[in-house]
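Asks: coords please:
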Amino acid sequence: PIEQFAYQSLFWIRGEQAWSDRIVVVQIDDRSLEAIGRFPWNRNQYVRLLNVLSEADPTVIAFDFIWSESTPEDA
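Replies: Residues are numbered from 1 along each chain as shown. The predicted model follows:
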């Protein structure tokens with residue numbers, strides 16, 4: 001409990017901080033789903049997305065979902 005209090009206090013002392021403009025969240029919306037189709041998508045869709053995003057020279061790209069089944073395209 002004391003460690004949790006110290007942890008929370010440090011955030012309280014620091015105060016609010018604005019989001020970094022270096023972070024971009026790409027959301028898959030209904031319009032995208034209408035154009036590309038419902039999940040599961042062919043892995044080539046993700047390759048095309050990565051190719052577009054890589055033009056910005058990112059340090060990290062993360063996907064927030066699970067590929068539950070492997071496919072021949074995974075390589």
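
Asks: so where do the helices sit in this protein?
Replies: Using DSSP state H, the helices of the chain run over residues 2-14, 30-36, 43-54.

Asks: of all those helices, which one is nearest residue 64?
Replies: The closest approach between residue 64 and any of those, judged by C-beta to C-beta, belongs to helix 43-54 at 12.7 Å. C-beta here means a position set from N, CA and C on the backbone, and glycine is covered the same way.

Asks: ok, and what's touching the closest one?
Replies: When contacts are defined by C-beta atoms under 8 Å, 6 or more residues apart in numbering, helix 43-54 is touched by residues 26, 36, 61, 63, 71, 73, 74.

Asks: can you tell me which of the helices of the chain is most buried?
Replies: helix 43-54 (a mean of 12; mean count of other C-beta atoms under 10 Å).

Asks: as PDB, could you dump the C-alpha coordinates of that one?
Replies: Taking Å, rounded to 0.1, in the frame of the first residue of the first chain, the C-alpha atoms of helix 43-54 are listed here in PDB:
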ATOM      1  CA  ARG A  43      -2.200 -10.300 -44.200                       C
ATOM      2  CA  ASN A  44      -1.300  -8.300 -47.400                       C
ATOM      3  CA  GLN A  45      -3.700  -5.600 -46.100                       C
ATOM      4  CA  TYR A  46      -1.300  -5.200 -43.100                       C
ATOM      5  CA  VAL A  47       1.800  -5.200 -45.300                       C
ATOM      6  CA  ARG A  48       0.300  -2.400 -47.300                       C
ATOM      7  CA  LEU A  49      -0.500  -0.500 -44.100                       C
ATOM      8  CA  LEU A  50       3.100  -1.000 -42.800                       C
ATOM      9  CA  ASN A  51       4.500   0.200 -46.100                       C
ATOM     10  CA  VAL A  52       2.500   3.400 -45.800                       C
ATOM     11  CA  LEU A  53       3.400   4.000 -42.200                       C
ATOM     12  CA  SER A  54       7.100   3.200 -42.700                       C
END
